[in-house]
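>>> Curious how this folds, go ahead:
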Amino acid sequence: MRHPPFRKASFAVIGALLAAAAPRGEAAEPPPAANGLSAEDWRVDLEFARAQMPLRHANLFHTITPEQFGAAFDRLTADLDRLAEHEVIVRLAEIVAAVGDGHSRLTLPMDPGTGFFSGHTGTAAARVATFRQLPLRLARTGEGYVVTATDPRHAGLLGSRVVDIDGRPIAEADSAVAPVVNRDNDHQLADLLPWFMVVPEVLNARGVSPSMERSRWRFVDSSGRVHVRELQPVARGVETQWQVLPAADWPGGPPEGASPKLWFADIERPSAVYVRVAEIADQPETSFAAFAASLQAHLAVTSHRRLILDLRGNPGGDNSLNAPLVRSLVRTPWVSDPAALFVLIDGGTFSAAMNLVEDLEHWLPAVFVGSGTGARPNSYGDARKLELPRSGLTIRLSSLYWQNHPNDNRAAIEPLIPAQPTLDDLRALRDPVAVALASLDEVPATLTGTWRGTLFVEFRHVSVELIVPGSAAGQGSLSIRDLGVDAAEMHVVEITGGMLRGTVQRRSTELATAARAGGDRLTGWIDYRGQRYPMVLARQATD
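Just a heads-up that it's a prediction; the model follows:
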């Protein structure tokens, strides 16, 4: 049974989210004793945060209004005497998340053993009780949350879908926790939410679970069997021996001696040079610049004429390191050929990785595959730390505004070839990108017919139709109606071996079209005044 997709929170409802206190479970436990901090200590911290956040952020009120911001602090201050310590922290995290950019956040005081929410530069220990984790990890798909890792005791849950938590349907739990999550857009929200969903202090503060010490979860496995488990937090300081849902075998692992975060290899499914960049940073095995240089040298001698650059899950790092990698690709002539460069992105592609995506989009006819990026092209970043004086909690605030282009109002860079993991993909250990690109090596017998799809041009996706004749002697046509091109005559220059080249005369300007077929997909670009705009088309069935 296919379950409805989750609704994703919108910044349009920030005012409503902050207007009310976090919901409470009906059978909530009495608040545990605070870890030495008085209500007065918290008042000092809240006053400090309220005063300093507008001064430290590049533009704090780009999404939330000053009135909403002030009212949220007023409500939290008024509620201090009835809130437990973890509730104060989660409420403060909501306020910071409402700022509305992915870099600005309250770093939750997680137990070091959890291994998340630490940031690139680490975070000083706060003077509060650390938050814990439940003994499982989740992935969020359109069909729901899937268990991807557990402790040994619950290994039988791997691949199961979460149905509810303490009687709350998982979609309701998802919506309850979402306001705590920092995000640039809904893609980043979907990427980060699974981490927050396994923090018992967050679940309790948001009214999902009445207890922080135990919660009742219901799951359904791939055979339809229902499993009910009472989960307890992993004790502080205890390292979990994770049992992990195996990953897809595509594209394989890094060569011996290579960094797991920076590596490349020739692969055959499809035939390509696969490049993994998991972080924009120097690694113990190699500097980023040296890695870019070795990649360029390999691209000069390899027999492959296709490059797959995987930036999925890349949280960023130092964007000043991007230039050598971009230059290495621009200086390799065949990388600009039609259907030669595929860049894999998702909601975890963020910060300096997003800057890299923008550079590739600008300088090369890159075809993006996967799901939308976790950052906006124009976005706030370069977070600076603000430590609260009494609790020692750290708020990170964006200090710069990175502008790709003044007319670029996109919430994300979206793929031309969508390939987002589904519940079935995770259970089948299948990478949807591998499925989406599998047909690239399949040369069809003929290109004749009608092809329709999407062209990326000037920060938007527009519809395009290409009618291909039976031979180079015939005339085809090109339509991009959003741009005023309607059945313009196309002179075919080449049509052989799955390759199509043609020209269209538009007033005094010539449009050059080049595309390569793989199965029932035609991938390439339209060259207008020296700028190559990527497109992906699908063959249309004939009547």
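>>> Dead centre of the protein: give me the residue that sits there.
With distances taken as Cα atoms, centre = their mean, the residue of the chain nearest its centroid is G347 (0.9 Å).
>>> OK, contacts around it?
Contact analysis of G347 by Cβ atoms under 8 Å, 6 or more residues apart in numbering lists 187-191, 371-374. Placement of C-beta: from N, CA and C, glycine included.
>>> For these, which ChimeraX command selects only the ones that are buried?
Here is the ChimeraX command that selects the buried residues among the contacts of G347 (16 or more other Cβ atoms under 10 Å):
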select :187,188,189,190,191,371,372,373,374
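>>> For the residue nearest to the centre of the chain, pull up the helix or strand it's in.
Here G347, judged by DSSP states H and E, is contained in no helix and no strand.
>>> One more: the one 10 residues further on?
Assigned by DSSP H and E, V357 belongs to helix 352-363.
>>> Beyond that helix, next helix or strand please.
strand 367-370.
>>> that older thread, of the contacts of G347, just say which sits nearest to A323.
Checking these against A323 with Cβ to Cβ, the nearest one is T373 at 19.6 Å.
>>> residues near P254, how many?
15 (other Cβ atoms under 10 Å).
>>> Next, please give the residue ranges for the helices of the protein.
Taking DSSP state H as the criterion, the chain carries its helices at 14-19, 39-56, 66-79, 85-97, 170-177, 186-196, 200-205, 288-301, 322-330, 352-363, 423-427, 432-437.
>>> To H461, which of the ones you listed lies closest?
Closest to H461 of the helices of the chain is helix 352-363 (Cβ to Cβ; 12.3 Å).
>>> picking that back up, most packed of the helices of the chain?
When the helices of the chain are scored by mean count of other Cβ atoms under 10 Å, the highest mean neighbour count falls to helix 200-205 (a mean of 25).
>>> Give me the distance between that one and the centre of its chain.
Its chain's average C-alpha position is 24 Å from that of helix 200-205, according to Cα atoms, centre = their mean, to the nearest Å.
>>> what separates the closest residue in space to Y380 that isn't next to it in sequence from E94, distance-wise?
The spatial neighbour of Y380 that comes closest, neighbours along the chain excluded (Cβ to Cβ, 6 or more residues apart in numbering), is S398 at 3.5 Å. Here S398 is placed at a distance of 17 Å from E94 (Cβ to Cβ, to the nearest Å).
>>> now swap in F288 and tell me
36 Å.
>>> likewise E47?
Distance of E47 to E94, computed by Cβ to Cβ: 18 Å.
>>> coming back round to it: using JSON lines, please lay out the helices of the chain together with distance to A265.
What follows is the helices of the chain, written out as JSON lines (distance: least, Cβ to Cβ, whole Å):
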{"stretch": "helix 14-19", "distance to A265": "45"}
{"stretch": "helix 39-56", "distance to A265": "43"}
{"stretch": "helix 66-79", "distance to A265": "49"}
{"stretch": "helix 85-97", "distance to A265": "39"}
{"stretch": "helix 170-177", "distance to A265": "37"}
{"stretch": "helix 186-196", "distance to A265": "26"}
{"stretch": "helix 200-205", "distance to A265": "39"}
{"stretch": "helix 288-301", "distance to A265": "9"}
{"stretch": "helix 322-330", "distance to A265": "16"}
{"stretch": "helix 352-363", "distance to A265": "20"}
{"stretch": "helix 423-427", "distance to A265": "23"}
{"stretch": "helix 432-437", "distance to A265": "15"}
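>>> Let's have those in JSON lines, adding mean pLDDT and distance to A487.
Formatted as JSON lines, the helices of the chain follow (pLDDT from 0 to 100; distance: least, Cβ to Cβ, whole Å):
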{"stretch": "helix 14-19", "mean pLDDT": "35", "distance to A487": "46"}
{"stretch": "helix 39-56", "mean pLDDT": "98", "distance to A487": "55"}
{"stretch": "helix 66-79", "mean pLDDT": "98", "distance to A487": "51"}
{"stretch": "helix 85-97", "mean pLDDT": "98", "distance to A487": "49"}
{"stretch": "helix 170-177", "mean pLDDT": "98", "distance to A487": "46"}
{"stretch": "helix 186-196", "mean pLDDT": "97", "distance to A487": "36"}
{"stretch": "helix 200-205", "mean pLDDT": "98", "distance to A487": "56"}
{"stretch": "helix 288-301", "mean pLDDT": "98", "distance to A487": "39"}
{"stretch": "helix 322-330", "mean pLDDT": "98", "distance to A487": "35"}
{"stretch": "helix 352-363", "mean pLDDT": "97", "distance to A487": "29"}
{"stretch": "helix 423-427", "mean pLDDT": "95", "distance to A487": "39"}
{"stretch": "helix 432-437", "mean pLDDT": "96", "distance to A487": "30"}
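>>> and of these, who's closest to R506?
Closest among the helices of the chain, using Cβ to Cβ: helix 352-363, at 23.0 Å.
>>> separation between V162 and W217?
7 Å.
>>> how deep is F459 tucked in, by neighbour count?
Using other Cβ under 10 Å as the criterion, F459 is surrounded by 14 other residues.
>>> Is it correct that it is in contact with D408?
Yes. The pair F459 / D408 is scored as a contact, 4.8 Å apart, by Cβ atoms under 8 Å.
>>> Quickly list what's touching both of the two.
With Cβ under 8 Å, 6+ apart as the test, F459 and D408 both reach P377.
>>> in the strand ranked longest in the chain, what's buried?
The residue-count maximum for a strand in the chain (DSSP state E) belongs to strand 485-496. Residues 485, 490, 492, 495 are the ones in strand 485-496 that count as buried (16+ other Cβ under 10 Å).
>>> For D221, which of the helices of the chain is the nearest?
Nearest of those (Cβ to Cβ): helix 423-427, 9.0 Å.
>>> Run through the neighbouring helices and strands of that closest one.
strand 136-141, strand 144-150 (3 or more Cβ pairs under 8 Å, 6 or more residues apart in numbering; DSSP states H and E).
>>> Run through who's touching stretch 504-512.
478, 485, 488-491, 501-503, 513, 526-529.
>>> Please report the number of neighbouring residues for the residue nearest to Y380.
Applying other Cβ under 10 Å, we find 24 residues neighbouring S398.
>>> One more: S471?
Using other Cβ under 10 Å, S471 has 11 neighbouring residues.
>>> shouldn't it be in contact with I495?
Yes. S471 is within contact range of I495, at 6.6 Å (criterion: Cβ under 8 Å).
>>> buried stuff in stretch 526-533?
Neighbour-count burial for stretch 526-533, counted by 16+ other Cβ under 10 Å, picks out 526-528, 532-533.
>>> List just the nearest of the residues you listed to A340.
Comparing these against A340 with Cβ to Cβ places R532 closest, at 10.8 Å.
>>> Relative to P338, how far out is the closest one?
R532 is 9 Å from P338, by Cβ to Cβ.
>>> Give the bridge partners for V146, please.
A139, R161 (DSSP bridges).
>>> ok, it - contacts?
Neighbouring residues of V146 by Cβ under 8 Å, 6+ apart: 138-140, 159-162, 245, 423, 426-427.
>>> what's the distance between it and L426?
Distance, V146 to L426, by Cβ to Cβ: 5 Å.
>>> same deal with I495?
Distance of I495 to L426, given as Cβ to Cβ: 41 Å.
>>> again with L388
Separation of L388 from L426 (Cβ to Cβ): 39 Å.
>>> can you check L356 too?
L356 is 27 Å from L426, by Cβ to Cβ.
>>> With G316 instead?
25 Å.
>>> same check, this time on T448
Applying Cβ to Cβ, the value for T448 to L426 is 39 Å.
>>> can you check S259 too?
In terms of Cβ to Cβ, S259 sits 26 Å off from L426.
>>> that older thread, what comes into contact with the longest strand of the chain?
447, 466-469, 471-479, 500-506, 513.
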